[in-house]
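> sequence unknown, structure follows:
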């Protein structure tokens, strides 16, 4: 892999030979992050104070773009090493706040054009979503505003690609990677937790009336007991999707069953994509959704670490 930096005036410089790297992809929050170490060669060191972007290229193709947060130069008898740290392009949406305002009616495309594009963010796929009487609270970041909009109107959240393209659309169900017997698997760890998983939610109307119970049948069948009581808003007031019992149950289960897989070399599995794990382990085999992907190269060689949530 080769690394490049771009300075605030748009100039681009190639980094020296890569010594190690760690690039973590999430597609959301916490945002992507990277740390690379390379030989400080040529014109790079003198211009690092003006560096604003880092690019990683593999086989002539750009595979990552991020915001440069910090750099350090170390010199010793073995030479000079440059270390660069930073985050993915979602950092720009997290670092910039927006003014509080209320929209009588707003679409996803309008929010992205007015809030994200001025920060230099590229826009990708955008679903036809809209919301009425949508408010942005004081102190909210651009990402927070987009996330609140998505929670109120959709079943998916904003997504930032490895190259900094922002999308507000459902994850593709077509991409299915298989990790089976022939996969270059180094190790895997499966973790299942019960704490925090909601077994049922009792909803009670504020104006009086009978309550209704929504159950998490899977968890209840396993003996789970963690009930929540939710008081519905006054009659006539819209209920956000994020406030519905089903959504809260889904969120409580999202990372309850986690599979961490370490593969040898580079893998083309990315956050949001589905993975079928087939290793002859009945209690573990199944379909997962990729929550995080780490690309690591150090003294132990190159490897990919996947964090998968069970669907």
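Looks like it came in fine. None of these values were measured; they are calculated from a predicted model.
> quick check: residue 147 is in a strand.
No - assessed with DSSP: H, G, I helix; E, B strand; the rest coil, residue 147 is helix; it does not lie in a strand.
> which residues does it contact?
Contact analysis of residue 147 by Cβ atoms under 8 Å, 6 or more residues apart in numbering lists 29, 157-158. C-beta here means a position set from N, CA and C on the backbone, and glycine is covered the same way.
> for the protein, where's the lowest mean pLDDT among helices and strands?
In the chain, the helix or strand scored least confidently by mean pLDDT, DSSP states H and E is helix 44-47, which has a mean of 84.
> which SSE is immediately downstream of it?
Next in sequence after helix 44-47, counting helices and strands by DSSP states H and E, comes strand 51-58.
> isn't residue 115 right next to residue 144, touching?
No - using Cβ atoms under 8 Å, residue 115 is not in contact with residue 144, being 10.4 Å away.
> the lengthiest strand in the chain - contacts with which helices or strands?
If you go by DSSP state E, the chain has its longest strand at strand 61-76. Applying 3 or more Cβ pairs under 8 Å, 6 or more residues apart in numbering; DSSP states H and E, one finds that strand 61-76 makes contact with strand 33-39, strand 51-58, strand 79-88, helix 90-95.
> mind putting these in TSV, mean pLDDT included?
What follows is the helices and strands packed on strand 61-76, written out as TSV (pLDDT from 0 to 100):
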stretch	mean pLDDT
strand 33-39	96
strand 51-58	96
strand 79-88	94
helix 90-95	96
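> from the chain's centre, how far out does the least confident helix or strand of the chain sit?
31 Å (Cα atoms, centre = their mean, to the nearest Å).
> now that helix: buried residues?
By neighbour count on 16 or more other Cβ atoms under 10 Å, the buried set for helix 44-47 is residue 44.
> contact partners of it?
In contact with helix 44-47 (Cβ under 8 Å, 6+ apart) are residues 5, 7, 11, 13-16, 73, 80, 82.
> switch the cut-off to 7 Å
Outside helix 44-47, the residues that touch it by Cβ atoms under 7 Å, 6 or more residues apart in numbering are 5, 7, 13, 15-16, 73, 82.
> tilt between the longest strand of the chain and strand 33-39?
Interaxial angle of strand 61-76 relative to strand 33-39 (axes from the mean of the first three to the mean of the last three Cα atoms, to 10 degrees): 60 degrees.
> now strand 61-76 against strand 51-58, angle please.
Going by the same axes, to 10 degrees, strand 61-76 makes 120 degrees with strand 51-58.
> sorry, back to before: dump the helices and strands packed on strand 61-76 into JSON lines; add distance to residue 122 and mean neighbour count as well.
Output for the helices and strands packed on strand 61-76, formatted as JSON lines (distance: least, Cβ to Cβ, whole Å; neighbours: other Cβ atoms under 10 Å):
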{"stretch": "strand 33-39", "distance to residue 122": "19", "mean neighbour count": "20"}
{"stretch": "strand 51-58", "distance to residue 122": "13", "mean neighbour count": "18"}
{"stretch": "strand 79-88", "distance to residue 122": "13", "mean neighbour count": "19"}
{"stretch": "helix 90-95", "distance to residue 122": "11", "mean neighbour count": "21"}
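> do a quick rundown of the helices in the stretch 201-311 of the chain.
Applying DSSP state H, counting those that start in this stretch to the stretch 201-311 of the chain gives helices spanning 217-221, 245-253.
> and for residue 280, the neighbour number?
Neighbourhood size, residue 280 [other Cβ atoms under 10 Å]: 8.
> distance of it relative to residue 286?
Look at residue 280 and residue 286: by Cβ to Cβ, to the nearest Å, they are 12 Å apart.
> swap in residue 195?
According to Cβ to Cβ, residue 195 stands 22 Å off from residue 286.
> residue 99 now?
For residue 99, the distance to residue 286 - Cβ to Cβ - is 45 Å.
> how is this protein partitioned into domains?
If you go by automatic domain parsing, the domain ranges for the chain are 2-88, 93-168, 176-193+256-310, 200-251.
> distance between the ends of the second one?
For domain 93-168, the first-to-last residue distance is 14 Å (Cα to Cα, to the nearest Å).
> just how off-centre is that domain within its chain?
On the basis of Cα atoms, centre = their mean, domain 93-168 sits 15 Å off its chain's mean C-alpha point.
> what does the last one give?
Distance of domain 200-251 from the chain centroid (Cα atoms, centre = their mean) equals 27 Å.
> that domain: end-to-end distance?
Its first and final residues considered, domain 200-251 spans 13 Å by Cα to Cα.
> the longest one too?
Between the opening and closing residues of domain 2-88 we find a distance of 17 Å, counting by Cα to Cα.
> run through the bridge partners of the residue nearest to residue 230 when sequence neighbours are not counted.
Distances taken as Cβ to Cβ, 6 or more residues apart in numbering place residue 203 nearest to residue 230, at 5.0 Å, with adjacent residues excluded. Taking DSSP bridges as the rule, residue 203 bridges to residue 212, residue 230.
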